[in-house]
Structure formats: structure tokens, C-alpha cells
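Visitor: I would like to see how this sequence folds:
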Amino acid sequence: MDFAFLQTTLLTLLGGLPLTLELAVSSILLGGGGALMLTLMQASGSLLLSAPARAYVFVFRGTPLLIQLFMIYYGLGQFRPTLQELGLWSFFRDPYWCAVLAMAMNTAAYASEIIRGGLGSVPPGALEAATACGMRPLLRLRRVILPLAIRQALPAYSNELILMVKATSLASIITMMEVTGLASKMIAETYRSIEIFACAGLIYLALTLILTRAVLLLEWRLSTTRKNGTPA
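Guide: Numbers count the residues shown, from 1 in each chain. The predicted structure follows:
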């Protein structure tokens with residue numbers, strides 16, 4: 001085994017790590033905001049709001065992220081004159097923003113269902129107590145409902161975070177030189193796919209491990225029994 005080549009490969013691939021993290025963080029933050037909006041629309045009780053939200057979730061959960069990415073990056077290019085008139089072409093011609101938009105829209109659909117499940121797990125007694133204390137609906141949502149729902153949804157949402165970190169590898173398909181993009185470039189130059197992909201997998205594995213431990217620590221901090229235990 002050529003350890004010198006493995007070291008060189010690992011250092012080269014680490015050069016794409018900032019872009020990988022930037023893609024993941026941007027899409028997760030934007031997707032989280034979109035997920036919360038979709039959840040509130042579905043819980044509003046208004047057909048005018050809930051129907052589009054349900055349709056959105058159905059479409060983006062029912063189609064592959066890769067196709068969504070192609071539709072945004074390549075498909076919208078057919079409407080270049082219209083996008084130029086609207087001043088949006090500079091956004092959609094950039095592969096970075098197309099990747100962020102596709103991943104954010106995708107994770108918003110999945111995360112909204114996770115948050116909706118968390119909202120459904122809020123004990124009715126907590127809502128009754130908040131109402132008895134004179135809390136208005138918005139205050140009740142901010143101080144009682146959302147904290148309890150997030151606590152219940154966090155374990156499932158951590159899986160979605162891990163999936164989105166790994167989904168950044170799809171950005172290499174549209175010329176983004178993140179970790180997988182650099183790996184593909186090195187393979188085209190050296191034809192040593194096993195070593196290169198092994199190093200890329202090791203980087204993603206390390207990211208997943210760090211993220212998993214961070215979520216476990218957050219779960220421990222949010223736990224009502226944290227004073228009697230220690231983080232896993």
C-alpha cells in the first residue's frame with residue numbers, strides 16, 4: 001500500500017472540505033426555515049395553506065435529489081432570457097447556489113414531516129397549562145410547543161442532517177469541487193479509484209461521527225434529567 005499517495009490524496013481532498021461544509025450548513029439552515037414554514041402551513045387548519053404545503057412535501061419527498069438538482073441547474077437554463085429579465089440569471093447560472101437551493105428545498109420537505117411529528121407528540125396537558133397561564137398563541141408556540149417539539153424531533157432530525165452532509169457529494173455532478181468533486185478529478189488523472197474513494201469516504205465518516213456526537217451532546221443538554229447523567 002502506497003502510504004505516501006494516501007497522505008497526498010487525503011491532504012488534497014481536505015482542500016474541498018470547506019466547500020462541503022459550506023454547502024451543508026447553508027442548505028440545512030435554509031431548509032430548516034423552510035421546514036418550519038411548511039409545518040406551520042400544514043398545522044394552520046386552512047386548506048389554502050395546507051394543500052400547497054402537502055403537495056410540496058409529496059413532490060420533493062417522492063423524487064430523487066439528483067433529479068431536483070438537474071432540474072434547477074440544467075432545466076432552468078432553458079428559461080435564460082426570462083431569468084435575465086427578472087434579474088435571476090446570475091443566481092441560477094452559479095452551480096453553488098443551484099446546489100444549495102436544491103438541497104435546501106429537499107431537506108425542507110423531509111424536515112417538515114419530522115417537525116410535524118414532533119408537534120404531534122406535545123402533551124395536551126402542556127398546552128392546557130400554557131393556556132391556563134394566559135399565554136397568547138404566539139407566545140405559547142415559542143415558549144412551549146416548539147421547544148417540546150424540537151426535543152422530540154431531534155433524534156430523527158439528526159439523521160436528516162447526516163444525510164444532507166453526504167448529499168453534498170452530488171454537487172460534484174454540476175462541477176462543484178468539493179470533496180467528491182476533487183476525488184473524481186484525481187481519479188481521472190491517476191486511475192487509482194480505490195485509494196482515492198477510500199480517503200473520501202474516511203472524510204465523510206469523520207464528519208458523520210462529529211455531527212453525531214454534537215447531536216448527542218445537544219440531546220443531553222435538552223434532557224430534563226441531564227443533571228443526573230452524563231453525555232453519551
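Visitor: Going by length in residues, pull out the top helix of this protein.
Guide: Ordering each helix of the chain by length in residues (DSSP state H) puts helix 193-222 first.
Visitor: Show me what that one is packed up against.
Guide: Applying 3 or more C-beta pairs under 8 Å, 6 or more residues apart in numbering; DSSP states H and E, we find helix 193-222 packed against helix 3-14, helix 17-42, helix 146-167, helix 179-190. Placement of C-beta: from N, CA and C, glycine included.
Visitor: now for the last one, which elements pack on it?
Guide: Meaning helix 179-190. helix 3-14, helix 193-222.
Visitor: which other residues reach the shortest one?
Guide: If I follow you right, that is helix 3-14. Val179, Leu182, Ala183, Met186, Arg192, Glu195, Ile196, Ala198, Cys199, Ala200, Leu202, Ile203 (C-beta atoms under 8 Å, 6 or more residues apart in numbering).
Visitor: now these in JSON lines, with distance to Val144, pLDDT and neighbour count?
Guide: What follows is those, written out as JSON lines (distance: C-beta to C-beta, whole Å; pLDDT from 0 to 100; neighbours: other C-beta atoms under 10 Å):
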{"residue": "Val179", "distance to Val144": "41", "pLDDT": "94", "neighbour count": "28"}
{"residue": "Leu182", "distance to Val144": "47", "pLDDT": "94", "neighbour count": "23"}
{"residue": "Ala183", "distance to Val144": "47", "pLDDT": "94", "neighbour count": "25"}
{"residue": "Met186", "distance to Val144": "52", "pLDDT": "93", "neighbour count": "21"}
{"residue": "Arg192", "distance to Val144": "56", "pLDDT": "91", "neighbour count": "15"}
{"residue": "Glu195", "distance to Val144": "53", "pLDDT": "92", "neighbour count": "18"}
{"residue": "Ile196", "distance to Val144": "50", "pLDDT": "94", "neighbour count": "24"}
{"residue": "Ala198", "distance to Val144": "48", "pLDDT": "94", "neighbour count": "14"}
{"residue": "Cys199", "distance to Val144": "47", "pLDDT": "94", "neighbour count": "22"}
{"residue": "Ala200", "distance to Val144": "44", "pLDDT": "94", "neighbour count": "24"}
{"residue": "Leu202", "distance to Val144": "43", "pLDDT": "95", "neighbour count": "13"}
{"residue": "Ile203", "distance to Val144": "41", "pLDDT": "95", "neighbour count": "18"}
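Visitor: which of those residues lies closest to Glu113?
Guide: Minimum distance to Glu113 across the contacts of helix 3-14 is 28.5 Å, recorded for Val179 (C-beta to C-beta).
Visitor: which residue sits closest to that closest one, ignoring its sequence neighbours?
Guide: Using C-beta to C-beta, 6 or more residues apart in numbering and skipping residues adjacent in sequence, the residue nearest Val179 is Gly16, 4.4 Å away.
Visitor: Repeat that for Glu219.
Guide: That would be Leu154: by C-beta to C-beta, 6+ apart, it lies 5.7 Å from Glu219.
Visitor: Tell me, how many residues neighbour that neighbour?
Guide: 17 (other C-beta atoms under 10 Å).
Visitor: Surely it touches Leu218?
Guide: Yes - counting by C-beta atoms under 8 Å, Leu218 is a contact partner of Leu154 at 6.7 Å.
Visitor: Pull the contacting residues for Asp110.
Guide: One thing to correct before we go on: residue 110 is Tyr, not Asp. So Tyr110 contacts Ala35, Phe60, Arg61, Glu160, Leu163 (C-beta under 8 Å, 6+ apart).
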